[in-house]
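the amino acid sequence is not available; the structure is as follows:
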């Protein structure tokens with residue numbers, strides 16, 4: 001199954017603040033806010049939602065197609081992704097701008113304050129999907145992830161025009177997009193993927209009720225943080241999948257991307273939605289146990305063991321024929 005993942009490709013600068021942001025916020029002075037936090041740790045990691053999702057899918061044994069825009073500083077990052085089974089042939093390289101940067105500080109409550117420099121990502125609006133489909137002999141699913149807003153709308157329009165199934169995953173860009181743009185982005189999607197807050201924001205900005213959204217998308221996937229994930233379809237009972245138990249909590253950055261990677265892997269394998277969500281939930285657990293969005297390592301036997309512990313032997317048995325991560 002050819003799954004193209006469009007979206008940001010970035011370098012993450014991840015910092016840890018030992019205090020709590022809320023202790024430094026004065027509610028009636030927020031219009032004059034000027035704060036600096038002394039951080040104890042700095043990690044520079046590879047990131048970007050599209051690259052994170054592709055990395056996770058590649059680690060599970062798929063070969064996703066990464067679609068996005070980068071600077072000429074992408075050489076080492078490209079090599080890393082290629083070693084992890086990611087097709088990078090459709091990545092656009094800017095002549096003028098650096099690869100995007102994500103700068104995030106996490107406090108002791110796992111609250112986060114972040115900034116994002118778009119850089120070369122602004123050129124993603126110039127990428128056309130049809131030549132990619134022609135190169136690969138077709139596209140079975142296009143993930144429209146957080147990206148330059150014009151690029152997201154262009155990819156969605158092209159999917160509708162060309163008949164490509166697509167997953168709308170607007171993520172952080174919901175905060176910046178107006179209702180009309182969001183309506184255009186999600187209308188006709190095979191999958192709509194958001195977290196719980198983003199789901200409420202989608203309804204608020206579009207003016208569509210949950211029922212009206214389900215009239216426009218086939219499957220609505222909503223991650224619920226520590227409560228897991230809920231999958232809604234019109235006329236069907238919701239599917240709710242709980243989180244897999246984590247060994248520790250190191251950093252939450254990239255957990256949502258990892259869930260999407262596992263879920264899309266399950267979809268690519270042809271598994272039922274519940275099973276796909278279980279794969280996604282377990283992969284998300286690997287990420288929260290590490291610092292950095294692409295620093296986890298999967299082993300075939302270990303992944304199946306954890307899947308069986310979390311969701312039962314039948315779940316592990318269903319996934320085992322498809323899983324192709326390093327052994328053990």
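Ah, there it is. As the structure is a computational prediction, the values presented were derived from the model and not from experiment. Numbers count the residues shown, from 1 in each chain.

going by C-alpha atoms from here, please, whenever you check contacts or count neighbours.
Noted.

do you have the strands of the chain handy? List them.
Taking DSSP state E, the strands of the chain run over residues 3-6, 10-16, 41-47, 65-67, 69-70, 92-93, 100-106, 112-117, 141-145, 166-169, 191-195, 219-223, 229-232, 239-241.

show the average pLDDT along the last one.
Averaging the model's pLDDT scores along strand 239-241 yields 98.

quick revisit: winner for burial among the strands of the chain?
strand 69-70 (a mean of 30; mean count of other Cα atoms under 10 Å).

show me the shaky parts of the stretch 101-250 of the chain.
Within the stretch 101-250 of the chain, not a single segment meets pLDDT under 70.

report the central residue of this protein.
Most central in the chain under Cα atoms, centre = their mean is residue 257, positioned 2.9 Å from the mean C-alpha point.

and the gap between the spatially closest residue to that residue that is not a sequence neighbour and residue 6?
Closest residue to residue 257 apart from its sequence neighbours, by Cα to Cα, 6 or more residues apart in numbering: residue 53 at 5.3 Å. Here the criterion is Cα to Cα, to the nearest Å. By it, residue 53 lies 10 Å from residue 6.

cool, residue 75 as well?
19 Å.

can you check residue 296 too?
From residue 296 to residue 6 the distance is 22 Å (Cα to Cα).

before we move on, what about residue 322?
Applying Cα to Cα to residue 322 and residue 6 gives a distance of 24 Å.

who's residue 145 bridged to?
In this entry, residue 145 is beta-bridged to residue 169, by DSSP bridges.

rewinding a little: export the strands of the chain to a markdown table and tack on distance to residue 207?
Output for these, formatted as a markdown table (distance: least, Cα to Cα, whole Å):
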| stretch | distance to residue 207 |
| --- | --- |
| strand 3-6 | 26 |
| strand 10-16 | 32 |
| strand 41-47 | 32 |
| strand 65-67 | 31 |
| strand 69-70 | 32 |
| strand 92-93 | 35 |
| strand 100-106 | 31 |
| strand 112-117 | 28 |
| strand 141-145 | 21 |
| strand 166-169 | 17 |
| strand 191-195 | 16 |
| strand 219-223 | 17 |
| strand 229-232 | 19 |
| strand 239-241 | 25 |
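
hmm, back to that, is the residue nearest to the centre of the chain in contact with residue 51, as I believe?
No. Judged on Cα atoms under 8 Å, residue 257 makes no contact with residue 51 at a distance of 9.1 Å.
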